[in-house]
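[1] Pasting the sequence and the predicted model now:
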Amino acid sequence: MLLTEPEIAEHLSQVPGWVRENDRITRSYGIRYHGGVAMIVHVADVERLVSHHADIDLRWDHLRFSITTHDAGHRLTAADFELAARIDGIARAHGASPL
Ligand SMILES: C[C@H](O)[C@H](O)[C@H]1CNC2=NC(N)=NC(=O)C2=N1
């Protein structure tokens, strides 16, 4: 379900570190390449459980996630913020540093 602007602001305040870029939210973590691969596998397992998937950009020393709801016409929904919070937990477990 689509969120109103105040709802987006409220959700965003619950996931500090995530940045809104129009109709998506993004966050980068510092992690070396192979550790990034391991983290992505863990994130992919959770994504399969929740049926929601981030766009992922892996570089040699950092990893960037970008989330929007494709089924809602590339707009923000609560599912985006729920996945963001799950990714934060996985990042902590993998020792990824917030950027
Ligand atoms: C049927 C399935 O649940 C949908 O295609 C899901 C899969 N993962 C998804 N992930 C994201 N980010 N947006 C979606 O709209 C989406 N749709």
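    Good, I have the coordinates. Given the structure is predicted, the values throughout are model-derived calculations rather than measurements. Numbering: from 1, shown residues only.

[2] do the longest helix belonging to the chain and the ligand meet?
    For the chain, the longest helix by residue count, based on DSSP state H, is helix 33-50. No: for a cut-off given as Cβ under 6 Å from any ligand atom, helix 33-50 has no contacts with the ligand; the smallest distance is 7.2 Å. Placement of C-beta: from N, CA and C, glycine included.

[3] what lines up beside the helix or strand following that helix in the sheet?
    On the C-terminal side of helix 33-50, the nearest following helix or strand under DSSP states H and E is strand 55-58. Applying DSSP bridges to the sheet, strand 55-58 is found paired with strand 62-67 (antiparallel).

[4] mind listing what the residue nearest the centre of the chain touches?
    Compute the mean C-alpha point of the chain, and by Cα atoms, centre = their mean the closest residue is Ala84, 3.8 Å away. Ala84 makes contact with 15, 18, 25, 27, 65, 67, according to Cβ atoms under 8 Å, 6 or more residues apart in numbering.
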